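Peer 1: just need the structure, nothing else, for what follows:
(3 chains)
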Amino acid sequence: MRLELRLAGEGGQGLITAAIILAEACAEYTQLNAAQTQSYGPESRGGASRADVIISTDEIDYPEVKAPDVLVVMAQEASDKYVQGVRPGGTVIVDTTYVKPIPKSEAERLKVVEYPISAKARDLGREIVANIVALGLVVEITGIVPKDAVVAAVLDRVPKGTEELNKKAFFVGVDAVKEL
Amino acid sequence: MALSLDKYLRMSKLPHIWCPGCGHGIVTQAIVRAIDELGLDTDKTVVVSGIGCSARAPGYLHFDTLHTTHGRAIAFATGIKMAKPELNVIIITGDGDAAAIGGNHLIHAARRNLDLTVICFDNNIYGMTSGQYSPLTPQGSYATTSPYGMLEKPFDLCNLVMGAGGTFAARSTTYHARQLTNVIKEAISHKGFAFVDALSQCPTYFGRRNKLRTPLDMMNWFKDRSVPLRAWSKMSPEEQEGKFPVGVLTKTQAPELTEVYAQLVEKLQQRGED
Amino acid sequence: MTKKRARLLQGNEAVVEGAIAAGLTFFAGYPITPSTEIAELCAAKLPAIGGKFIQMEDEIASMAAVCGASLAGMKAMTATSGPGFSLKQENLGFAVKGELPCVVVNVQRVGPSTGMPTSASQGDVMQARWGSHGDHEMVALSPSSVQEAFTLAVESFNIAEEYRTPVILLMDEMIGHLREKVVLPEKEELVIRNREKPNMTPEQYKPFAMDHGEIAGVPPLAAYGDGFKFHVTGLTHGEDGFPTNNPAIAEKQLKRLNEKISSNKKALTRVEKFYMDDAEVVVFAYGGTARSARKAVKDARAQGIKAGMLRAITIWPFAEDALLEVKRNSPKAVIVPEMNLGQLVLPVKRVIGDSAPVIPINKIAGQLVEPEEILLAIKEAM
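Peer 2: Residues are numbered from 1 along each chain as shown, chains lettered A, B, ... in the order given. Modelled structure (predicted):
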């Protein structure tokens, strides 16, 4: 079993962090293998940002994502650029706060999950946790890694004092799937 | 007296390669005298050089010695000093070595205030390659690459070091052999980055082209242009024209890098134990 | 939830972990993408263990400082990428000539010049071999996983110390920035080797002795400050370290300098053989590109095609012996995928000769060689 995931948006949205957390959850708390790569422009804030994760029960030979099974888009530019690359029948998770509905032609060949990820994070008090809300959605939709592993990995990495906020954000994402 | 200095020399490596009348032997002797008078532990003293005539001096000195690449002596020495702060690290460099190809290393070592002593054998010419102009060649002087006279303005290396944050800068000449020894002594004793601009004559490549044919002519040229610091400060800019001050030009105290680093290590290790 | 022993590490992080496990006590560097994480991690970790970190004013200075620290007895490292690697060459040559153990990490990016700073490349393979002027041997290792970035960092130090030579850890951006699962060995599982120290008096000590050494041609190295009062110069020198113009002495010394590596090729050159026993088509790969090759070979085998991979772990000295074995088996083809314009194709051809076609697959603009491209080449060769 090999699952390819891509988180795409703008620099500063914390997508690389979310990808690292997901890969850490697999590698450090389960028997799963994980490989994480990224691509980014010269900007630290703004500009396109993309983080990939491969999760596999087998050894991961080629570590690059080619056609993701799951794509999260949190910026319009990312949606325009990456939706077409998703494997047929794959899932696109759209942050409706910033991204318009994806074109019908694409939507027909994919599973589309729409959720106002960034707006919900804002409701929690800080939009910066939108990446963790997105992580909740990904984990619940794929079911590939135990939630407690991800929570543990989130707590390993987030700044002191924000643990509860991040945990809450994660379960906002998880619960959203149940409501869909 | 001379005999007592033999232990600092690798007698089997002498005679040296320098030309008759070259000033570098006088500067080297001043360094050895300074080391002797300070009583430095010869096992704990390292002499590092770059490339050029000056760079051959460490080969004649009986210490741990390192003859590096052109301009890089200070950078090599930085590694030695950071690795073993207990060592006395003395750098012998030339004016082309220190001010042209190695200029970046000079200003940054000064900025860091790392406890190094840099003695610049300043003969304002590239001697090893037979007489090209250096960043210290006086304007109007002749060199093989300034056949119509030097067009560019030279550096004042002491001012450069001071501007970069060096905490000790001094200048002397081979004419002032005793003063030269004293300022080198003071430079080595100084805790922090210390720079000595040691003017040294190159009769072969500078003197011959610039109507200073004999070593004596060149040393008189140093004598005539040098002004003790106290007198210098009272001179007008017009009077200072064509002359230079000698002596310890600046000496201040500031935190030294290896000490600051040791404090960081201590702090982090205490934190680790808590 | 309890953590397993495995960790998720970036290739660059694994290099630092490996270097520290090998005894790294000194790092000098200069910021450059995509190797900067190595400097950052050293800056954070070294002071806490009593080691030394310094960010120098440029790449040349960091290589110089590494040489100086090595002479002061430290295990020293620097890290860089393309443009910085070019600047390192001057004092890398000094480290070769002065026989100063040290490790230079080059996380290759696309060149020439500034090129594509965040894109993977294997374009410095030949520069690693011949970047410095003059006849010299070079040791360069290339990891193809994060786990191996750790083990080869340890190995780089071991070779550097044992052979008194600089070692290049030739990474590529793909492995440098890849995060994957690694299991760091416990201290006692590691073999750590240290330079041989002189066991004679300072008067007897010859830092460049012809005839001494546990390994032939590798004289022991004293540390500055230990009372040996020895001289090191980039000038060609005799056994005592002092410059010589005597051609007989110069030739002897230069030969020793080269032969201490070339005559120990067998011990130094490591390869991985993957499905090679009955391979009819051989993929010769290294570094990040070997990941694609491994996938292609597995896929080929799943389709009943007898493909195998010979992976060069040591790039220099070159894997001649392993390739000679390939030649003896007369494969249908040797495929050489690289993220450059075929820098190792000629060295491979030199060994393989006319016994099999040597087929390059090249990427030069930051894209990786994909497994499908290699698989296609394998099929075409059959």
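
Peer 1: give me the phi and psi for C:Leu221.
Peer 2: Per-residue torsions, C:Leu221: phi -120, psi 120 (degrees, to the nearest 10).

Peer 1: what about the closest residue to A:Ile55 other than its chain neighbours, distance to C:Gly84?
Peer 2: Using C-beta to C-beta, 6 or more residues apart in numbering or on different chains and skipping the chain neighbours, the partner closest in space to A:Ile55 is A:Leu3 (4.8 Å). Just so you know, the C-beta spots here come from the backbone N, C-alpha and C atoms, and that holds for glycine as well. Counting by C-beta to C-beta, to the nearest Å, the gap from A:Leu3 to C:Gly84 is 37 Å.

Peer 1: go on, B:Ser12?
Peer 2: 41 Å.

Peer 1: for chain C, what's the nearest residue on the stretch 101-250 of chain B?
Peer 2: Nearest residue of the stretch 101-250 of chain B to chain C, counting by C-beta to the nearest C-beta: B:His108, 3.9 Å away.

Peer 1: next one, pLDDT for that residue please.
Peer 2: Looking at B:His108, its pLDDT reads 98.

Peer 1: please apply the same query to the one 3 residues further on.
Peer 2: Listed pLDDT for B:Arg111 reads 97.

Peer 1: for it, phi and psi?
Peer 2: When read as degrees, to the nearest 10, the backbone of B:Arg111 gives phi -60, psi -40.

Peer 1: what number of residues lie near it?
Peer 2: Using other C-beta atoms under 10 Å in any protein chain shown, B:Arg111 is surrounded by 16 other residues.

Peer 1: all strands for the stretch 101-250 of chain B, in order.
Peer 2: Taking DSSP state E, counting those that start in this stretch as the criterion, the stretch 101-250 of chain B carries its strands at B:117-122, B:168-173, B:194-199, B:226-228, B:244-251.

Peer 1: just checking, what packs against the fourth one?
Peer 2: Taking 3 or more C-beta pairs under 8 Å, 6 or more residues apart in numbering or on different chains; DSSP states H and E as contact, the helices and strands that strand B:226-228 lies on are strand B:244-251.

Peer 1: compare A:Leu3 and C:Gly84 (neighbour count), which wins?
Peer 2: C:Gly84 (25 against 19).

Peer 1: nearest residue to that one other than its sequence neighbours?
Peer 2: Counting by C-beta to C-beta, 6+ apart, the residue nearest C:Gly84 is C:Glu59, at 4.1 Å.

Peer 1: which phi and psi does the one you found have?
Peer 2: According to degrees, to the nearest 10, C:Glu59 has phi -70, psi -40.

Peer 1: can you pull the contacts of it?
Peer 2: C:30, C:32, C:80, C:83-85, C:87-88 (C-beta atoms under 8 Å, 6 or more residues apart in numbering or on different chains).

Peer 1: so of those, which ones are in strands?
Peer 2: Mapping the contacts of C:Glu59 onto strands (DSSP state E) picks out C:Thr80.

Peer 1: closest to chain A among the contacts of C:Glu59?
Peer 2: Among those, and counting by C-beta to the nearest C-beta, the member closest to chain A is C:Ile32, at 13.7 Å.
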